[in-house]
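Chemist: Sharing a model prediction with you, sequence too.
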Amino acid sequence: MEIILKQDMPNLGHKDDIVTVKDGYARNYLIPKGFAINATKTARKVHEENLRQRAHKEAQLKEAAEKFAEKLKTVSITIGAKTSTKGKIFGSVNTIQIAEELAKQGFEVDRKNVTIKEELIKEVGKYTATVKLHREVEVEIPFEIISE
């Protein structure tokens, strides 16, 4: 069954994507919860018209995200953490601390859009974080963990 997504769904697609899913998943979960609508002929026509109207706004958002990404590429972050004598961190460094450091430097980024390649950072060293600014725009930011 083909459906039109009303919002971003992890592992399925982004808002306004037309995807094919099993009938039961669509009828019993996605459509009743309001996450999607059935992709009938009329729904597809309405969907295409909405996409056509939204394309200009989307291009402006992407352009703004790319400009912001160019500014973010020059940033490097240093995070201080309490450590043992061997360089092990008490606790761990997470995306909240990275978002706070970016905010201190004047770059407001939602912590949910920041990901760290390593699951848990437990040692002093240099790492990279990825900031997703738009569906198609991502920036890698180097950061360093130092001992306080």
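Modeler: That came through, no problem. All values reported here derive from a predicted model rather than from experimental measurement.

Chemist: How is the protein partitioned into domains?
Modeler: 2-61, 70-147 (automatic domain parsing).

Chemist: Determine the longest strand present in this protein.
Modeler: Secondary structure assigned by DSSP state E gives strand 138-147 as the longest strand of the chain.

Chemist: Please name the residues that touch residue 65.
Modeler: 133, 134, 137 (C-beta atoms under 8 Å, 6 or more residues apart in numbering). Every residue, glycine included, has its C-beta placed from N, CA and C.

Chemist: What pairs with the longest strand of the chain, parallel or antiparallel?
Modeler: strand 77-81 (parallel), strand 125-132 (antiparallel) (DSSP bridges).

Chemist: Would you mind writing the CA trace of that strand as CSV?
Modeler: Once non-C-alpha atoms are left out, strand 138-147 reads as follows in CSV (Å, rounded to 0.1, in the frame of the first residue of the first chain):
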residue,chain,number,x,y,z
GLU,A,138,25.2,18.3,7.8
VAL,A,139,28.4,19.7,9.3
GLU,A,140,31.2,17.9,11.2
ILE,A,141,32.6,19.8,14.1
PRO,A,142,35.9,18.8,15.8
PHE,A,143,35.9,19.0,19.6
GLU,A,144,38.5,18.3,22.2
ILE,A,145,38.0,17.0,25.7
ILE,A,146,40.6,18.3,28.2
SER,A,147,41.2,17.7,31.9
